[in-house]
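> okay, here's the prediction I keep looking at, along with the sequence it came from:
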Amino acid sequence: MKLTFLGHSAIAVRDGAREVVIDPFLTGNPTAAVAPEALSPTVIVITHAHADHVGDALAIADRCGATIVSSVEIVNHLQKGRSSGAAGTASSQEGGEAVFVGANVGGRVRLPVGSLRFTPAWHSSGFADGSYGGMPMGVVLEMGGKRVYHAGDTGLFGDMALIGRHGLDVALVPIGGHYTMDPEEAVEAVRLLRPKHVVPIHYGTFELIAQDPAVFRDAVAALGDEAGGARVRVLAPGEALEF
């Protein structure tokens, strides 16, 4: 399994020929590691409706025929926008149109690449035009025999202990502060989640969320067994973690 940090909160998880991309904010992202045209995922997951998470999802999916999985509200909004022409169409794209799967917090969503469960996230979720984006969510992706938790944009909450109870190979947690957890709160999140590996996300993209990830890394290392021996891997955009 290979997890590549694409910048901000965007990641790609690959298991052989299968790839899942989460929150592909690339166009307009000053830290983006790749252009949208470089990605051809099987599945795209969107955690919530803010532009720095929806990003290029529809354009990528329409180009390669990927399945977009998100809240029912986000899926409906993207489909409505496409039909009205506001979000573009797939008529001139190769690979076919996007496939949409609307879901919510709770049961397992089975996919060609494996499965996922959406989790709660304490945040907000709305489109730039004021449309409601449903509940903000995190996601636990099960793929290739591994479990990856992308927390989405969230503050700290105690039920993270339940998310980590069955074991996590990788947890991606925001550390930028202001809109999400800051490094101090993210350390507490790791204590609850107890993953094998931790990758900090949602920091450094803009001045308002500037953070030093080394501070977070060192604080988690100091927890030792309190966090199950979790190891922080600070990835620059474009860098990958194999696990």
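Sure, I can see it. Note that the coordinates shown come from a computational prediction; the quantities given were computed from them, not determined experimentally.
> quick one: the helices in the chain?
51-54, 57-64, 72-84, 160-163, 183-193, 213-223 (DSSP state H).
> can you say which of the ones you listed is nearest to Val234?
Checking the helices of the chain against Val234 by Cβ to Cβ gives helix 213-223 as the closest, at 4.5 Å. All C-beta atoms are positioned from the backbone trio N, CA, C, and that covers glycine.
> just to revisit the earlier point, which one of the helices of the chain lies nearest to Gly133?
helix 72-84 (5.4 Å).
> pick the most deeply packed of the helices of the chain.
helix 57-64 (a mean of 23; mean count of other Cβ atoms under 10 Å).
> pull the helix or strand with minimum mean pLDDT from this protein.
When the helices and strands of the chain are scored by mean pLDDT, DSSP states H and E, helix 72-84 comes last with a mean of 87.
> and that helix, how far out from the chain's middle?
How far helix 72-84 lies from its chain's middle: 20 Å, per Cα atoms, centre = their mean, to the nearest Å.
> okay, angle between that helix and helix 57-64 too, please.
60 degrees (axes from the mean of the first three to the mean of the last three Cα atoms, to 10 degrees).
> which residue ranges form the strands in the chain?
Under the criterion DSSP state E, the chain contains strands at 2-7, 10-15, 18-22, 43-45, 67-71, 99-103, 109-111, 114-120, 137-143, 146-150, 170-174, 197-201, 231-232, 240-242.
> any idea which of those strands gets closest to Asn29?
Checking the strands of the chain against Asn29 by Cβ to Cβ gives strand 2-7 as the closest, at 5.4 Å.
> please list the residues outside the closest one that contact it.
Outside strand 2-7, the residues that touch it by Cβ atoms under 8 Å, 6 or more residues apart in numbering are 11-15, 21, 24-26, 29, 31-34, 148, 170, 199, 201, 205, 235-243.
> among those residues, which ones are buried?
Neighbour counting with 16 or more other Cβ atoms under 10 Å marks 11-15, 21, 24-26, 29, 31-34, 148, 170, 199, 201, 205, 235, 237, 240-241 as buried within these.
> follow-up on the earlier one: now the strands of the chain as JSON lines including distance to Val187?
Putting the strands of the chain into JSON lines (distance: least, Cβ to Cβ, whole Å) gives the following:
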{"stretch": "strand 2-7", "distance to Val187": "19"}
{"stretch": "strand 10-15", "distance to Val187": "21"}
{"stretch": "strand 18-22", "distance to Val187": "22"}
{"stretch": "strand 43-45", "distance to Val187": "26"}
{"stretch": "strand 67-71", "distance to Val187": "29"}
{"stretch": "strand 99-103", "distance to Val187": "30"}
{"stretch": "strand 109-111", "distance to Val187": "30"}
{"stretch": "strand 114-120", "distance to Val187": "19"}
{"stretch": "strand 137-143", "distance to Val187": "17"}
{"stretch": "strand 146-150", "distance to Val187": "16"}
{"stretch": "strand 170-174", "distance to Val187": "9"}
{"stretch": "strand 197-201", "distance to Val187": "10"}
{"stretch": "strand 231-232", "distance to Val187": "10"}
{"stretch": "strand 240-242", "distance to Val187": "19"}
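> those strands: which one's closest to Ile60?
strand 43-45 (6.3 Å).
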